[in-house]
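Enquirer: Predicted model, plus sequence, below.
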Amino acid sequence: MTQNIAIIMGGYSSEYEISLKSGAVVYETLKATVYNPYAIHIFENKWVYVDEAGTEFPINKDDFSVMVHSEKISFACVFNAIHGSPGEDGFMQAYFELLNIPHTSCSMYQAGLTFNKRDLISVLKPFGIKTAKNYYLNLSDIIDEDAIVSKVGLPCFVKANKAGSSFGISKVYEKDKLKDAIALSFKEDDEIIIEEFLDGTEVSVGVISYKGKTTVLPMTEIVSDNDFFDYEAKYLGQSQEITPARISEEQRQKTEAVAKKIYEILGMTGFTRSEFIFKNDEPHFLEMNTVPGLTKESLLPQQATEAGISLEDLFVNTIEEALKK
């Protein structure tokens, strides 16, 4: 019997448009497989199955099923394509785990931890993972520009602590510009992280569970046309994404080892994509995405292709692994 796969997309954050694009790619790819894919839109005001005619059918949140023309549809597995909340921060993972429905992303705890940049860095540091110097602020904190500059220097990056796709991020060169950058980040989150600027090659590294093994994909070198890898650089073509990265064999081996170590330390499953910057030839970890973009512009599909893994194989493998959990 052909299994029904729910592809959840959308979400509650600024990343919902990218998520809808990722979900659409997954849906179109899975149509050619042995599975029956269903496009499920998750928004704060509605959870609906959307058929190819655009008709919406409400999801029953009690058991994550849907009635379609008097037929109840249940799902063997959920393919998670929601970037940001609630798909990447642990909420959807907890929901499906309570319902005992397999899903393709990591578990609830890992999702919550990796979505919080500063908590993740704090967990990884005792394992010897190198990171940039950082400074933390909560919404109610007093902003001490002198203390910030003393800790991280200038220029520095001001980021929303729990946001992706480069929303709420600024590169700051002057101390008197810090408050504006901080205010921008607080529009995305009530916690922010301010990081030292590392002047080196940036690489993005996909690590996945493939055929039962932790697999590090060929890494991508990021060369932004803008001042840094912002939203326009990521999604509007204002960057060069070079796969495989133009780095030395020593750098490649070091980065692969660190990326795999992080994946296994955290007990990850499914897809991840982590960013590193080289400082003195040593990879410094920036952040991890556990529901990385799957659009045609996204990095993980580029890396899988370089590794000889088709999109169909990539998506089917992660469903098969989820069903075995």
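Expert: Everything's here; your move.

Enquirer: need the helices for the stretch 51-200 of the chain, in chain order.
Expert: Along the stretch 51-200 of the chain, counting by DSSP state H, counting those that start in this stretch, helices occupy 91-99, 108-115, 117-124, 145-152, 178-186.

Enquirer: Could I get the ones you listed in CSV, plus columns for mean neighbour count?
Expert: To be clear about C-beta, it is placed using only N, CA and C from the backbone, and glycine gets the same treatment. CSV is the format used below for the helices of the stretch 51-200 of the chain (neighbours: other CB atoms under 10 Å):
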stretch, mean neighbour count
helix 91-99, 18
helix 108-115, 21
helix 117-124, 19
helix 145-152, 15
helix 178-186, 18
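
Enquirer: Do you have the strands of the stretch 51-200 of the chain handy? List them.
Expert: 56-60, 65-68, 71-73, 77-80, 134-138, 156-160, 170-172, 191-196 (DSSP state E, counting those that start in this stretch).

Enquirer: Out of the ones you listed, indicate the one that is most buried.
Expert: Per residue and on average, the most neighbours among the strands of the stretch 51-200 of the chain fall to strand 77-80, with a mean of 27 (mean count of other CB atoms under 10 Å).

Enquirer: which outside residues touch stretch 54-72?
Expert: 6, 38, 40-41, 46-51, 73-75, 78, 95-96, 99, 101 (CB atoms under 8 Å, 6 or more residues apart in numbering).

Enquirer: so what's Ile73 up against?
Expert: So Ile73 contacts 4, 38, 49, 65-67 (CB under 8 Å, 6+ apart).

Enquirer: so which of these would you say is closest to Glu321?
Expert: Asn4 (17.8 Å; CB to CB).

Enquirer: Isn't the closest one up against Ile40?
Expert: No - Asn4 lies out of contact with Ile40 (CB atoms under 8 Å); the separation is 10.8 Å.

Enquirer: So these two - more neighbours on which side?
Expert: Neighbour count, other CB atoms under 10 Å: between Asn4 and Ile40, Ile40 has more, with 26 against 16.

Enquirer: how far away is Asp190 from Gly168?
Expert: 11 Å (CB to CB, to the nearest Å).

Enquirer: and the strands of the stretch 51-200 of the chain as a markdown table, adding distance to Asn116 and mean pLDDT?
Expert: Listed next are the strands of the stretch 51-200 of the chain as a markdown table, based on distance: least, CB to CB, whole Å; pLDDT from 0 to 100:
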| stretch | distance to Asn116 | mean pLDDT |
| --- | --- | --- |
| strand 56-60 | 28 | 98 |
| strand 65-68 | 32 | 98 |
| strand 71-73 | 35 | 97 |
| strand 77-80 | 18 | 98 |
| strand 134-138 | 11 | 96 |
| strand 156-160 | 11 | 93 |
| strand 170-172 | 20 | 91 |
| strand 191-196 | 8 | 94 |
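
Enquirer: Could you measure from the closest residue to Lys159 other than its chain neighbours over to Lys125?
Expert: Closest residue to Lys159 apart from its sequence neighbours, by CB to CB, 6 or more residues apart in numbering: Ile169 at 4.7 Å. Separation of Ile169 from Lys125 (CB to CB): 22 Å.

Enquirer: Looking at the two, which one has more neighbours?
Expert: The neighbour comparison of Ile169 against Lys125 (other CB under 10 Å) goes to Ile169, with 23 against 12.

Enquirer: isn't the more buried one right up against Ala160?
Expert: Yes - judged on CB under 8 Å, Ile169 makes contact with Ala160 at a distance of 7.0 Å.

Enquirer: Thanks a lot, see you next time.
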